[in-house]
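Colleague: Sequence and computational prediction follow.
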Amino acid sequence: MCVRRLSRCASSLLAWAVPAAGALTLSCGSSSSGAPATGSTEGGAPTYDTNAPSAACGASNTAPGTTTVQLMSGGIARNYILHVPPGYAGKPTPLVINMHGFLSSASPQETWTEMNGVADSENFIVAYPNGAGTPSSWNAGSCCEYSDTSRDDVAFISAVIDDIAQSTCLALDRVYATGMSNGGFMSHNLGCNLSDKIAAIGPVSGVLGIAPVDCMPGRPIPVMEFHGTADPLVPYDGGTPSPALWSLLYSNAPPEFASVADTIGFWTIKDGCGATPQQTYSSGNATCETYSGCQGGAVVTLCTIDGGGHTWPGGNPSALPSFATNLVGPMTQSISASSQLWTFFKGYKLPVGFDGGMTAVPPYMNYPNASVATSDAGDAGTTSGGASDGAPGDATLE
């Protein structure tokens, strides 16, 4: 595999040249890290226990910072942006795969979600892969690759994880996937078809796009979904996107999307969860409900943004132009998807000895009271309740 790394200046993040139509499905994010990480620290950076350090551990020469990495996957030249936090010290470190929306790319996703700020505070690595095709997309079922549905983007994401593990000390049992819009659809796809590498998923404004019969994870999948009730592109209640808005983005007829309720219902049944959710977050127009009692201790959480549009909750308001807000709907500041996703993710890791079956699934650590064991001290701290993202003192985490 041929790999070429290109250094980037931090100031280049401000050089946005995004076409007007491309802004419609792009995400926005918050740098708020939410509740502080638990566990031991070294130089102020949290560390995490792992049962699966990557081959580069002990021999990693990766330095903190942001680079662009080139690789070949399926005969196609692909690339991703890799952000390594300043606290990285060559010890097993979690990885979050953060995927952009239809028509977007890795750089706007990095800039608008601002997950790097959370990663720097919480000491995890973030990879922002680029889709492929024209326009750029992910092959995730009903959204949004229509010109080359044979392209294997699951294999590409798997290759990204393997590539990072070659040069960086990863906690291979602590790899997570999130994404906006088409990237959210892709997160579901990875939960279905890459469950041997992805510990938990966090789709934003994206529903299950592949046929339920084609979703066969080998174990329960922890899920945290964010979705606005006024999303005009991926409607909360399912069906087709706004025809007028869709026609600005693509020449195809609007597709038919599953509803959020059907998507969450699918995962709760697949994971064997209880039928009644518990409210686990409430602030402003953001409410999260969690289905627990799932197999293996997994949970399924839905964060609903009442009146929210096709946006990344808690995003930087300046990153979404006013004309785009008029088209895709408002972006809430009542919750930070980036920080809450990490609060969710860090409570989960792949089961010890997981080999594609469900025989080795131990109890998971449940959101929002996620417990993070440390690699040095061997003790565990707990995170629960407390800080609101965007509305201090108003949110409740129960």
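Modeller: That came through, no problem.
Colleague: Who are the contact partners of Y236?
Modeller: Residues near Y236 by C-beta atoms under 8 Å, 6 or more residues apart in numbering: H227, G228, T229, A230, S259, V260, T304. Any C-beta I mention is one placed from the backbone N, CA and C, and that applies to glycine too.
Colleague: Give me the nearest residue to it, chain neighbours excluded.
Modeller: T229 (4.7 Å; C-beta to C-beta, 6 or more residues apart in numbering).
Colleague: and that neighbour, how many neighbours?
Modeller: Other residues within reach of T229, judged by other C-beta atoms under 10 Å, total 16.
Colleague: how close does it get to P330?
Modeller: Note on T229: its distance to P330, by C-beta to C-beta, to the nearest Å, is 11 Å.
Colleague: who touches both of those two?
Modeller: G307, G308.
Colleague: S73 against A155, yeah?
Modeller: Yes: with contact defined as C-beta atoms under 8 Å, S73 reaches A155; the gap is 6.3 Å.
Colleague: what about these two, which has more around it?
Modeller: S73 (21 against 13).
Colleague: ok, back up a step: got the contact list for the residue nearest to Y236?
Modeller: Y236, T304, I305, D306, G307, G308.
Colleague: Low-confidence stretches in the stretch 251-398 of the chain?
Modeller: 321, 323, 353-398 (pLDDT under 70).
Colleague: The longest helix anywhere in the chain: which residues count as buried?
Modeller: Looking across the chain with DSSP state H, the single longest helix is helix 153-167. Across helix 153-167, burial judged by 16 or more other C-beta atoms under 10 Å covers 153-154, 156-165, 167.
Colleague: Past the lengthiest strand in the chain, which element shows up next along the chain?
Modeller: The single longest strand within the chain, with elements called by DSSP state E, is strand 170-180. Once the chain leaves strand 170-180, the next helix or strand it forms, by DSSP states H and E, is helix 182-193.
Colleague: Distance from that next one to the middle of the chain?
Modeller: 9 Å (C-alpha atoms, centre = their mean, to the nearest Å).
Colleague: just stretch 67-87 next, same as before
Modeller: 17 Å.
Colleague: same question, stretch 98-109
Modeller: 12 Å.
Colleague: and the end-to-end length of it?
Modeller: With C-alpha to C-alpha, to the nearest Å as the measure, the ends of stretch 98-109 fall 8 Å from one another.
Colleague: likewise stretch 227-244?
Modeller: 21 Å.
Colleague: Would you map the helices across the stretch 201-350 of the chain?
Modeller: Per DSSP state H, counting those that start in this stretch, the stretch 201-350 of the chain carries helices over the ranges 243-249, 260-271, 322-328, 337-345.
Colleague: and among those helices, the most buried is which?
Modeller: helix 337-345 (a mean of 28; mean count of other C-beta atoms under 10 Å).
Colleague: Send me that one as PDB with only the CA atoms.
Modeller: The C-alpha coordinates for helix 337-345 follow below in PDB (Å, rounded to 0.1, in the frame of the first residue of the first chain):
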ATOM      1  CA  ALA A 337     -23.100  16.400  19.100                       C
ATOM      2  CA  SER A 338     -19.300  16.200  19.100                       C
ATOM      3  CA  SER A 339     -18.900  16.200  22.800                       C
ATOM      4  CA  GLN A 340     -21.900  14.100  23.600                       C
ATOM      5  CA  LEU A 341     -20.900  11.500  21.000                       C
ATOM      6  CA  TRP A 342     -17.500  11.100  22.800                       C
ATOM      7  CA  THR A 343     -19.200  10.800  26.100                       C
ATOM      8  CA  PHE A 344     -21.200   8.000  24.600                       C
ATOM      9  CA  PHE A 345     -18.300   6.400  22.600                       C
END
